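Q: Let me see the structure of the following:
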Amino acid sequence: MTIRVGVVGLGMGRYHMERYQANEQVELVALCDLDQKLLDRFKGTCPKASTYTDYQEMFAAANLDAVSIALPNVLHAEVTIAALRAGMHVLCEKPMAVNAQQAKQMLLASQETGKKLMIHFNYRFSPSAQFFKRYVDEGNLGQIYYAKTQWLRARGIPKLGGWFGIKAMSGGGPMIDLGVHRLDLALWAMGYPKAVAVSASGFNLLGARLAKASQARYDVEDMLTALVRLENGITLNLEVSWAGGTDKREDMLTAIYGTDGAAIQRNTGEGYEFEAFGLRDVAGSLVKVTPHIYPHQCPSAVDHFVNCVINDLAPEASAENGLELMRIIDAIYLSAAEGREVRLDEQQ
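A: Numbering: from 1, shown residues only. Sure, this is the predicted structure:
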């Protein structure tokens, strides 16, 4: 069986496109972007695909089974809901939306139409992340009580002057751009416990200085830190930055601690290669448990989505997970803005 798929937005969407083209169960038949030059460029690598500058026209004409939405964050809800109501399953780029209210509307549209909605939390879909999750699931940590997760970037505000730095279009800065990945990874590994309260601080010092020097619009944070209290008594420490004082170009870490040891997943250098390992209490000492061979079966996020559509399975990176993340992120931004702890029941 094959499915007919389209991609809306060829910035991040180009990576979805590559995975669809490599999947023998997919016919990539439609591409959409406002930038005609991008359409022309990718049409050359996908000659069988029709091209569109209007997503509504594409949805009406292309006879699609599924679509990837990879647009600026502010458009995720609008275009995802339109696709679901047009009868398509949707793989939406992260973050799910710019706030929890929009994310809830997306989830309701998926439930009402009976179409699948998966969020592109692609950092789950790596061998090291799969080992990390299994190590926790198997009970090796004992009682979990603390976790920390971070993505610190030394210098790297994306496209200064573009939509990433405009809150009305992005929903926020590195928290909603980078932190959403690491927060998802930590919560996913622990079974997605509900958050109870958050206390956060955000900073816009380096970003504002750079924006002023280049006369660019920039009204989001460049660094944020938060403590998230979870319903099961766990405290989660979160740190994110686009511009900060780390000695690594990219510094990614997620660590979970329990009474019997720890599980850690992190990048090994300054880029996007990762390792995972455990720490166990053996004979009164901590022993490092390093996998010799990572789990073999690890599809990409796109391949997982395709399999879910073809075999009528529930996506692992669910819309429910996406909504819970947006509820936490909303509370984090409110806490940082008002300088107080915010309880998640305030966000209902």
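Q: What ranges does the stretch 201-348 of the chain have for its helices?
A: With DSSP state H, counting those that start in this stretch applied, the stretch 201-348 of the chain shows helices at 206-214, 301-311, 319-338, listed in chain order.
Q: Could you tell me which residues within the last one count as buried?
A: Read that as helix 319-338. 319-333, 335-336 (16 or more other C-beta atoms under 10 Å). In this view, the C-beta of every residue, glycine as well, is placed from N, C-alpha and C.
Q: and if you look at stretch 214-222?
A: Buried residues in stretch 214-222 (16+ other C-beta under 10 Å): 216, 218, 220-222.
Q: just stretch 155-165 next, same as before
A: Buried-residue list, stretch 155-165, by 16+ other C-beta under 10 Å: 157, 160, 163-165.
Q: can you list those in JSON lines and add pLDDT?
A: Shown next, in JSON lines, are those (pLDDT from 0 to 100):
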{"residue": "157", "pLDDT": "87"}
{"residue": "160", "pLDDT": "82"}
{"residue": "163", "pLDDT": "91"}
{"residue": "164", "pLDDT": "93"}
{"residue": "165", "pLDDT": "90"}
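Q: Near residue 180, how many residues? Count them for me, please.
A: Neighbourhood size, residue 180 [other C-beta atoms under 10 Å]: 26.
Q: Assumed it was part of a helix.
A: Yes. Applying DSSP: H, G, I helix; E, B strand; the rest coil, one finds residue 180 inside a helix.
Q: list the contacts for the closest residue to it other than its chain neighbours?
A: Distance criterion C-beta to C-beta, 6 or more residues apart in numbering; nearest residue to residue 180, sequence neighbours excluded, is residue 95 at 4.8 Å. Shown in contact with residue 95 (C-beta atoms under 8 Å, 6 or more residues apart in numbering): 73, 76, 171, 176-177, 180, 322, 325-326, 329.
Q: again, but for residue 72
A: 163, 169-170.
Q: Could you chop this protein up by domain?
A: 3-120+310-317, 124-298 (automatic domain parsing).
Q: for the spatially most distant residue from the centre of the chain, phi and psi?
A: Farthest-out residue of the chain from its mean C-alpha position, per C-alpha atoms, centre = their mean: residue 283, at 39.1 Å. The phi/psi pair for residue 283 (degrees, to the nearest 10) reads phi 50, psi 40.
Q: What distance do you get for it to residue 139?
A: Note on residue 283: its distance to residue 139, by C-beta to C-beta, to the nearest Å, is 19 Å.
Q: and if you look at residue 4?
A: Taking C-beta to C-beta, one finds residue 4 at 43 Å from residue 139.
Q: Look at the residue nearest to residue 180 and give its secondary structure.
A: Criterion first, three-state DSSP; result for residue 95: coil.
Q: tell me the average confidence for stretch 288-299?
A: Here stretch 288-299 scores 85 as its mean pLDDT.
Q: do stretch 8-25 as well
A: pLDDT averaged over stretch 8-25 gives 96.
Q: That stretch spans what distance, first to last residue?
A: 19 Å (C-alpha to C-alpha, to the nearest Å).
Q: for stretch 293-307, same thing?
A: Termini of stretch 293-307 sit 25 Å apart (C-alpha to C-alpha).
Q: which outside residues touch that stretch?
A: So stretch 293-307 is contacted by 3, 5, 16, 19-20, 23, 25-26, 66, 68, 89, 91, 116, 118, 120-122, 124-128, 130-131, 134, 276, 313, 315-317 (C-beta under 8 Å, 6+ apart).
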